[in-house]
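>>> Need a 3D model of the following:
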Amino acid sequence: MEHCKLYHSLNSTKLDTGFTPQFIELAADVIHQVFWAQTTYHSVTTDDLSSEPGAKRQKIEVGWQSCRETLENTNDDLVQLSWLQILTCLFSKHISSLPVSEFCHFVLVLHQIQTKQKRHEIILAVLRCLESLVLCFSKRRQELPCLTVNSVHVTFKQIWTSTLRIIGIKRLTDCAFSLLTSLLKVQGVNFNLTYTL
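Below you'll find the predicted structure:
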């Protein structure tokens, strides 16, 4: 994230992490393989040679919950943008990564960002992330509990309406249209096709 802050200081008029697609893909791979392998905690043992013999164990909390909380609570637009870019790649490349229990939570958090954010760079990123998550949901729908599917469908309808409200903004039109197209392909959801802008 230090790279983000440096880039932001040099180019304060445009919000951009400066991350290359290759870096984002690598970050998604590392997160998938190392931190989110169906565990909530990793234990790290360190030996402090300058102190008394023995090992100090540090319990480091990692996982999807901390990611959600960062997305939801951070006031740093660059941090939020960075996570949205990485999650977009993660949802599309590692479809099985997201635990079943997290689908509803992430759909809700992303929708909240979509409705609250004013920066077009963030809105574009969240539209892409939502589309990636929608496609992930469609491919894994059969393994999800009915309650989860129904809850996600309710939020999808809200996302549909929110996306229609911004589709007329020139910079957002292409991503908004792409998200709406993906939502239409979700089975079992009846969207309001007569919505008036």
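>>> Would you mind checking which helix or strand in the protein has the lowest mean pLDDT?
One helix or strand of the chain scores below all others by mean pLDDT, DSSP states H and E: strand 55-61, with a mean of 33.
>>> Check which element follows it along the chain.
helix 64-73 (DSSP states H and E).
>>> And the very next helix or strand once past that next one, what does it pack against?
Per DSSP H and E, the first helix or strand lying C-terminal to helix 64-73 is helix 77-93. Packing partners of helix 77-93 (3 or more Cβ pairs under 8 Å, 6 or more residues apart in numbering; DSSP states H and E): helix 2-10, helix 21-30, helix 64-73, helix 120-140. Bear in mind the C-beta positions are built from the backbone N, C-alpha and C, glycine included.
>>> In terms of secondary structure, what does the third one contact?
Going back to what we said before, that points to helix 64-73. Using 3+ Cβ pairs under 8 Å, 6+ apart: helix 64-73 touches helix 77-93, helix 103-116.
>>> Pipe those into CSV and attach mean pLDDT, mean neighbour count and distance to A125 per row.
Converted to CSV, those look like this (pLDDT from 0 to 100; neighbours: other Cβ atoms under 10 Å; distance: least, Cβ to Cβ, whole Å):
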stretch, mean pLDDT, mean neighbour count, distance to A125
helix 77-93, 93, 21, 4
helix 103-116, 96, 19, 9
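>>> so which of those gets nearest I169?
I169 sits nearest to helix 103-116 of all the helices and strands packed on helix 64-73, at 12.7 Å, using Cβ to Cβ.
>>> so can I have JSON lines of the helices and strands packed on helix 77-93 showing distance to S178 and mean pLDDT?
Listed next are those as JSON lines, based on distance: least, Cβ to Cβ, whole Å; pLDDT from 0 to 100:
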{"stretch": "helix 2-10", "distance to S178": "26", "mean pLDDT": "43"}
{"stretch": "helix 21-30", "distance to S178": "18", "mean pLDDT": "87"}
{"stretch": "helix 64-73", "distance to S178": "21", "mean pLDDT": "87"}
{"stretch": "helix 120-140", "distance to S178": "6", "mean pLDDT": "96"}
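>>> looking at these, which is closest to V109?
Of all the helices and strands packed on helix 77-93, helix 64-73 comes closest under Cβ to Cβ, at 5.2 Å.
>>> What are the buried residues along the closest one?
64, 67-68, 71 (16 or more other Cβ atoms under 10 Å).
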